[in-house]
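S.K.: give me coordinates for this.
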Amino acid sequence: MGIGVAIGVIAFRKTTQAQASIGPDGLNRAVARLADGVYDFADAVRAGMNEREVDLRAALGIAESDAGSR
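M.R.: You can find the predicted model right below:
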């Protein structure tokens, strides 16, 4: 949750700065780049979580087929 708040604050600041210095088209490009960065970050976090889950399952001896029977 803290990461989301931090990203929101950074996005707001970047948007405000960009809006003050460039026109609407430039602002749209800047926001699109920021959104792409946020999505890339989220994908990296998800990949890390999945990798860690695989490591934990291996350490606990839980097979992948057991995961669906919750």
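
S.K.: in the longest helix seen in the chain, which residues are buried?
M.R.: Counting by DSSP state H, the longest helix found in the chain is helix 24-60. Buried residues in helix 24-60, counted by 16 or more other C-beta atoms under 10 Å: 30, 34. In this view, the C-beta of every residue, glycine as well, is placed from N, C-alpha and C.

S.K.: tell me what it is packed against?
M.R.: Applying 3 or more C-beta pairs under 8 Å, 6 or more residues apart in numbering; DSSP states H and E, we find helix 24-60 packed against helix 2-21.

S.K.: for the longest helix of the chain, the averaged confidence score.
M.R.: Across helix 24-60, pLDDT averages out at 89.

S.K.: now the angle from it to helix 2-21?
M.R.: Interaxial angle, helix 24-60 versus helix 2-21 (axes from the mean of the first three to the mean of the last three C-alpha atoms, to 10 degrees): 170 degrees.

S.K.: quick one: helix 24-60 to chain centroid distance?
M.R.: 3 Å (C-alpha atoms, centre = their mean, to the nearest Å).

S.K.: ok, now stretch 7-20?
M.R.: For stretch 7-20, the distance to the chain centre is 17 Å (C-alpha atoms, centre = their mean).
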